[in-house]
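Colleague: return a 3D structure for these sequence lines:
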Amino acid sequence: MRAARPCRPSRDSAVPPLTLDEFIARLPKAELHVHLEGSIEPATVVELASRHGVSLNVKEAAARYAPGDFSQFIESFKWVTSFLRNPNDYALIAERLAESLRCQTVFYAEVTLSVGVMFWRKQDPAANFAAIEKAVARVPGIRVGWAFDCVRQFGAAAAMEVARLAASLRAPSIVAFGMGGDELAMPATDFRRTYEFAAGAGLHRLVHAGEIGGADSVREAVEILGAERIGHGIGAMHHERTMDFLAARGIPLEICPTSNLRTGALARQLGIASARVEQHPLSAFFRRGVPVTLSTDDPAMFETSLNHEYAQAARLGLSTDNLVSIAESGFLHAFLPVAEKQALLSKFRAGAAAPGLV
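Modeller: So this is what the prediction gives:
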């Protein structure tokens with residue numbers, strides 16, 4: 001068993017003042033919207049490709065992650081997952097993601113697994129998951145929960161297959177069932193039965209909605225599918241009643257600013273060719289009382305990190321106190337039993353109260 005990779009040591013907490021970057025690096029965090037398969041750094045892509053007899057260099061792998069539109073992102077995602085062919089491949093990327101998160105002062109993460117893609121590629125998702133769990137257990141200092149994700153455009157039958165597997169494994173770490181992919185491909189009503197099954201099996205419910213779709217997509221995810229958190233949700237920016245609906249119901253939006261820039265989702269929502277982070281609705285949601293968390297979505301593909309997403313939030317005019325509040329929201333809205341959530345919240349609050357942070 002190899003030792004966990006060392007993180008860069010943090011500066012002495014007694015030395016004020018902290019720069020913004022130092023503040024963010026020291027702030028305890030939860031990451032609630034990150035795709036395991038989107039966390040594969042170009043060097044790891046090369047390593048995986050070599051395992052399967054494909055010659056590739058880092059520059060070529062990185063080029064596949066170049067910014068584009070949403071359809072280009074989907075194609076890149078399909079390409080990178082083509083090198084995930086057995087449990088050992090999944091173990092490698094899971095351990096590296098856990099190490100990366102630990103080095104960003106992430107205490108807890110809920111990681112999305114594209115189980116629908118595993119089925120589509122005729123793999124054994126249960127074997128993959130067993131290897132993933134063992135790999136993450138080798139990384140100290142971080143707890144990880146898992147969301148089993150179906151692909152919307154694969155249809156309702158494929159979605160039910162994912163939900164049934166999540167329920168049958170009965171692993172305490174499988175906390176949610178979710179749906180990603182092209183939110184415009186099929187109506188929410190097609191998946192009502194699947195989400196009812198997931199709820200009946202004790203799984204929390206997640207939906208990617210309002211990423212490229214509008215406010216109606218967000219409302220349908222909540223009202224038809226019972227979504228407890230919304231992945232992205234930026235389409236709600238166009239509709240005040242939807243924002244107030246989310247605030248009143250306490251439905252959090254998992255906000256991923258860099259992702260929304262890199263996929264062209266924000267530009268599409270704004271009806272312009274290219275968007276800037278200053279145009280992102282994160283701060284508007286926050287100030288209106290909509291619960292928000294900050295996440296990376298696909299950090300390697302978008303050349304970002306959770307620390308960078310907090311820096312992006314600061315560029316939107318959010319104060320350090322605001323950033324602490326958003327970080328706390330990540331723990332408040334985690335899918336954990338009450339006692340475990342309270343323990344993590346206590347750990348977060350103790351860390352956030354360290355000299356120089358608050």
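Colleague: buried residues in stretch 320-329?
Modeller: By neighbour count, with 16 or more other Cβ atoms under 10 Å as the criterion, the buried positions of stretch 320-329 are 320, 322-324, 326-329. Where you see a C-beta, it was placed from the backbone N, CA and C, and this is true even at glycine.
Colleague: same check on stretch 343-350?
Modeller: Residues of stretch 343-350 classed as buried: 344-345, 348 (neighbour count, 16+ other Cβ under 10 Å).
Colleague: what do you get for stretch 286-301?
Modeller: Residues of stretch 286-301 classed as buried by neighbour count (16+ other Cβ under 10 Å): 286, 290-301.
Colleague: how about the nearest residue to residue 351, chain neighbours excluded?
Modeller: residue 28 (3.9 Å; Cβ to Cβ, 6 or more residues apart in numbering).
Colleague: show residues contacting the helix or strand of the chain with the lowest mean pLDDT.
Modeller: Scoring the helices and strands of the chain by mean pLDDT, DSSP states H and E places helix 70-81 at the bottom, with a mean of 89. Contacts made with helix 70-81 from outside it, assessed by Cβ atoms under 8 Å, 6 or more residues apart in numbering, are listed as 37-38, 40, 45, 64-65, 68, 114, 117, 121, 181-182, 211-212, 262-265, 268, 298, 301.
Colleague: where exactly do the strands run in the stretch 251-358 of the chain?
Modeller: In order along the chain, the stretch 251-358 of the chain carries the following strands (DSSP state E, counting those that start in this stretch): 253-255, 292-294.
Colleague: export those as a markdown table, with columns for distance to residue 167 and mean pLDDT.
Modeller: Putting those into a markdown table (distance: least, Cβ to Cβ, whole Å; pLDDT from 0 to 100) gives the following:
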| stretch | distance to residue 167 | mean pLDDT |
| --- | --- | --- |
| strand 253-255 | 23 | 98 |
| strand 292-294 | 26 | 98 |
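Colleague: so what's the residue count around the nearest residue to residue 57 once chain neighbours are set aside?
Modeller: By the measure of Cβ to Cβ, 6+ apart, the closest residue to residue 57 outside its immediate chain neighbours is residue 46, 6.3 Å from it. When neighbours are defined as other Cβ atoms under 10 Å, residue 46 has 20 of them.
Colleague: can you list the low-confidence ranges for the stretch 251-358 of the chain?
Modeller: Under the criterion of pLDDT under 70, the regions of the stretch 251-358 of the chain flagged as low confidence span 355-358.
Colleague: ok, now with 90
Modeller: Judged by pLDDT under 90, the stretch 251-358 of the chain has its weakly predicted residues at 353-358.
Colleague: mind listing the helices for it?
Modeller: With helices called from DSSP state H, counting those that start in this stretch, the stretch 251-358 of the chain shows them at 257-262, 265-270, 282-288, 306-315, 320-332, 338-352.
Colleague: got the buried residues for stretch 193-200?
Modeller: By neighbour count, with 16+ other Cβ under 10 Å as the criterion, the buried positions of stretch 193-200 are 194-195, 197-199.
Colleague: which residues outside that stretch are in contact with it?
Modeller: With Cβ under 8 Å, 6+ apart as the contact definition, stretch 193-200 has outside contacts at 150, 156, 159-160, 163-164, 166-167, 177, 205, 224-226.
Colleague: do the same with stretch 96-108
Modeller: The contact list for stretch 96-108, computed with Cβ under 8 Å, 6+ apart, reads 4-5, 7-8, 25-31, 34, 36, 39, 41, 44, 109, 111, 135-136, 139-145, 299, 305-307, 330-331, 334, 336, 344, 347-348, 351.
Colleague: C-alpha coordinates for that stretch, CSV please?
Modeller: Output for stretch 96-108, consisting of C-alpha atoms alone and laid out as CSV, is shown next (Å, rounded to 0.1, in the frame of the first residue of the first chain):
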residue,chain,number,x,y,z
ARG,A,96,-6.2,10.4,-7.1
LEU,A,97,-9.5,12.4,-6.8
ALA,A,98,-9.6,11.7,-3.0
GLU,A,99,-6.0,12.9,-2.7
SER,A,100,-6.7,16.1,-4.6
LEU,A,101,-9.7,16.9,-2.5
ARG,A,102,-7.9,16.2,0.7
CYS,A,103,-5.2,18.6,-0.3
GLN,A,104,-7.8,21.3,-0.8
THR,A,105,-9.1,21.0,2.8
VAL,A,106,-12.2,19.1,1.7
PHE,A,107,-13.5,17.1,4.7
TYR,A,108,-16.4,15.5,2.8
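Colleague: that one - what's its average pLDDT?
Modeller: The average pLDDT for stretch 96-108 rounds to 98.
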